[in-house]
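Asker: Sequence and predicted structure below; questions after.
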Amino acid sequence: MNELQLLPQVRDFLQQNHAHFIDGQYYMGHPNTSIPVINPANEEVITEIASASIADIEAAIFSARSAFKGSWAKTSPYQRGVVLNRLADLIEANGEELAQLETLCSGKTIHLSRLFEVSQSAMFLRYFAGWATKINGETMSPSFPSMADEKYTAFTRREPVGVVAGIVPWNSSVMIGVWKIAAALVTGCTIIIKPSEFTPLTMLRLAQLAVEAGLPPGAFNVLNGAGGVGAELINHPQVSKVSFTGSVPTGLKVGQAAMAASLTRVTLELGGKNAAALLPDVNVDAAVEGLIQSGYVHQGQVCAAPERVYVPRERLQEVVEKFSAALEQMTIGSPLDESVQFGPLANKPQFDKVMECLQVAHQESKVLFGGKALPQLGYFVEPTLLLARNSQDRMLHEETFGPIITLLAYDDINELPALINDSPFGLTASVWSNDLSGALRLITEIEAGTVYVNMHTFIDPAVPFGGIKASGTGREFGSAFIEDYTEIKSVMIRY
Ligand code: NDP
């Protein structure tokens with residue numbers, strides 16, 4: 001094991017008292033309880049974080065609402081873009097610190113923390129910054145004939161919805177946070193981020209950097225805690241929109257609570273049981289490489305990752321051999337070791353959930369590779385490959401959100417739409433083939449928010465992303481996000 005040394009600023013940061021970030025500064029508030037933050041690679045407590053009280057939640061909402069009506073409303077669209085671009089620069093300048101904090105809390109390998117939480121977060125911010133000066137309404141041609149020969153015209157304005165509550169999961173604590181922060185700020189909203197209690201530190205550091213970038217106090221606040229903070233935020237009448245990324249059961253509660261609170265707008269990005277279909281002409285080497293990269297990235301704890309793979313029966317043997325050989329090569333160990341490709345699961349509840357899935361797998365499926373926890377401290381499990389015994393195998397239907405891919409052999413390409421769509425989820429799917437017409441015919445039949453061809457899990461800020469069926473509602477990225485963060489105001493003028 002060859003772990004890198006933590007930066008002195010990371011060690012200092014861990015020594016501080018942590019709670020929230022409200023109105024442009026660290027805010028210790030009125031702590032209810034302290035929550036230990038645990039390094040999943042060794043189960044050691046690395047720091048503690050205070051959980052928000054009702055008074056802290058009120059303080060954050062007051063600050064966000066004041067900035068929404070005041071300083072951020074007065075900031076020109078051009079200047080909003082400048083601030084987001086500066087924040088992107090600061091994320092890169094402080095990238096190693098953010099990457100180390102992410103790896104310590106989540107077990108993400110350090111090179112992935114650098115790639116996703118630093119480089120891609122900065123790139124997403126810059127993409128959103130470009131929208132700042134391009135969020136416009138439309139002019140309309142009046143459609144009714146005038147009654148008394150008067151003239152009239154009409155246009156629409158895109159106005160920010162208000163204070164946004166962003167509930168961010170533990171699997172990508174900076175990047176998913178940045179998606180919500182950037183979308184809110186660039187449209188003129190202000191935001192309160194509620195990080196996962198497992199990964200509460202990076203957002204606090206990001207909020208400090210946002211102030212350094214010139215963001216006015218209150219435009220971006222952070223409330224930490226567990227067991228009710230999220231629900232209190234959603235129920236507050238001054239929260240105008242909720243953006244939640246997380247599990248289906250919690251997402252359903254969030255959606256219902258938001259509607260009941262005051263028809264609060266909601267974007268839900270939930271789970272998936274994402275399918276990959278290999279067509280008979282598949283290039284097995286390329287498909288196996290792509291599915292291993294996308295399916296086991298961050299130990300499979302990625303909502304878009306493929307978890308079930310349909311393989312033409314005549315290619316099954318080849319696929320199994322190449323998959324197993326590639327998994328054999330994977331280096332498992334400390335996520336702070338730069339040579340390691342595969343770290344621990346992110347937290348104890350997630351470890352327990354994956355262990356339950358592996359128990360089901362041993363009963364229902366054939367375990368082709370892996371299938372066990374590693375006998376050491378930390379939440380390590382082996383990357384696992386299963387062969388389903390039939391299409392009703394539970395491992396083809398239950399989301400594991402872990403490093404488990406299940407294969408099923410099929411005989412006829414016409415079986416694929418029914419197999420792929422036999423799921424309550426519809427987040428992503430992929431087709432692996434160079435048969436253009438075969439792939440295109442399948443794409444139109446697949447029930448998913450994103451269908452990839454010869455790739456999987458890639459997320460680009462220019463391409464809308466979100467789920468159908470139980471995988472969620474609303475879209476992030478592209479121009480689609482504007483719909484979710486703005487209201488249309490129609491203006492009609494007689495002249
Ligand atoms: P959850 O999906 O249960 O979300 C937890 C977060 O939601 C916490 O911040 C919590 O805050 C908040 N929350 C919980 N209940 C409510 C509510 N009624 N109203 C508002 N906010 C609420 O995530 P877990 O961390 O428990 O992970 C569980 C599973 O979720 C994983 O095993 C995985 O399957 C899935 N997951 C999916 C992700 C994705 O990208 N789609 C990402 C991460 C996890 P508070 O405690 O203060 O209420």
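Answerer: Nice, thanks for sending it over. Numbering: from 1, shown residues only.
Asker: Which residue does the stretch 251-400 of the chain have closest to the ligand?
Answerer: residue 303 (3.4 Å; Cβ to the nearest ligand atom). Bear in mind the C-beta positions are built from the backbone N, C-alpha and C, glycine included.
Asker: Up against the ligand, what does this structure have?
Answerer: By Cβ under 6 Å from any ligand atom, the residues of the chain that approach the ligand are 167, 169-171, 194, 196, 225-231, 234, 245-247, 250, 253-254, 257, 269-271, 303, 350, 353, 399, 401.
Asker: Those, buried ones only, as a ChimeraX selection?
Answerer: Burial among the residues of the chain next to the ligand is assessed by 16 or more other Cβ atoms under 10 Å; the matching ChimeraX selection reads:
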select :167,169,170,171,194,196,225,226,229,230,234,245,246,247,250,254,257,269,270,271,303,350,353,399,401
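Asker: Show me the residues of the chain next to the ligand that map onto helices.
Answerer: Mapping the residues of the chain next to the ligand onto helices (DSSP state H) picks out 229-231, 234, 250, 253-254, 257, 350, 353.
Asker: and of these, the nearest to residue 127?
Answerer: Distance to residue 127, by Cβ to Cβ, is smallest for residue 254 among those, at 26.2 Å.
Asker: For the closest one, which non-adjacent residue is closest in space?
Answerer: Counting by Cβ to Cβ, 6 or more residues apart in numbering, residue 254 lies nearest to residue 244, which is 4.6 Å off, once chain neighbours are set aside.
Asker: Next, the contact list for the one you found, please.
Answerer: By Cβ atoms under 8 Å, 6 or more residues apart in numbering, residue 244 lies in contact with 167, 250-251, 254-255, 266-269.
Asker: Could you confirm residue 159 falls within a strand?
Answerer: Yes: Residue 159: assigned to a strand according to DSSP: H, G, I helix; E, B strand; the rest coil.
Asker: what's the residue of the stretch 251-400 of the chain closest to the ligand sitting at in phi/psi?
Answerer: Main-chain torsions, residue 303, degrees, to the nearest 10: phi -60, psi -30.
Asker: residue contacts, residue 182?
Answerer: Here residue 182 is in contact with 84, 124-125, 127-129 (Cβ under 8 Å, 6+ apart).
Asker: Now, the residues you listed that are in helices?
Answerer: Reading helices off the contacts of residue 182 with DSSP H, I get 84, 124-125, 127-129.
Asker: which of those residues are buried?
Answerer: For those, buried by 16+ other Cβ under 10 Å: 84, 124-125, 127-129.
Asker: Now the residue of the chain positioned farthest from its centre: which helix or strand?
Answerer: In the chain, the residue that sits farthest from the middle, by Cα atoms, centre = their mean, is residue 148; the gap is 54.9 Å. Following DSSP states H and E, there is no helix or strand that holds residue 148.
Asker: coming back round to it: wait, doesn't the residue of the stretch 251-400 of the chain closest to the ligand sit right on residue 251?
Answerer: No: Residue 303 is beyond contact range of residue 251, at 10.9 Å (criterion: Cβ atoms under 8 Å).
Asker: Give the residues shared as contacts by these two.
Answerer: Contact criterion Cβ under 8 Å, 6+ apart; residues shared by residue 303 and residue 251: residue 270.
Asker: Would you mind measuring from the residue in the stretch 351-495 of the chain that the ligand sits nearest to to residue 357?
Answerer: Taking Cβ to the nearest ligand atom, the ligand has its nearest neighbour within the stretch 351-495 of the chain at residue 401, 3.5 Å off. Counting by Cβ to Cβ, to the nearest Å, the separation of residue 401 from residue 357 is 9 Å.
Asker: any chance you could map the strands in the stretch 101-250 of the chain?
Answerer: 139-140, 152-160, 163-167, 190-194, 220-222, 239-245 (DSSP state E, counting those that start in this stretch).
Asker: Redo these as CSV? Include mean pLDDT.
Answerer: Formatted as CSV, these follow (pLDDT from 0 to 100):
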stretch, mean pLDDT
strand 139-140, 94
strand 152-160, 95
strand 163-167, 98
strand 190-194, 98
strand 220-222, 98
strand 239-245, 98
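Asker: what sits against the residue farthest from the centre of the chain?
Answerer: Contacts of residue 148 (Cβ under 8 Å, 6+ apart): none.
Asker: okay, the residue of the stretch 351-495 of the chain closest to the ligand: pLDDT?
Answerer: Residue 401 is assigned 98 on the pLDDT scale.
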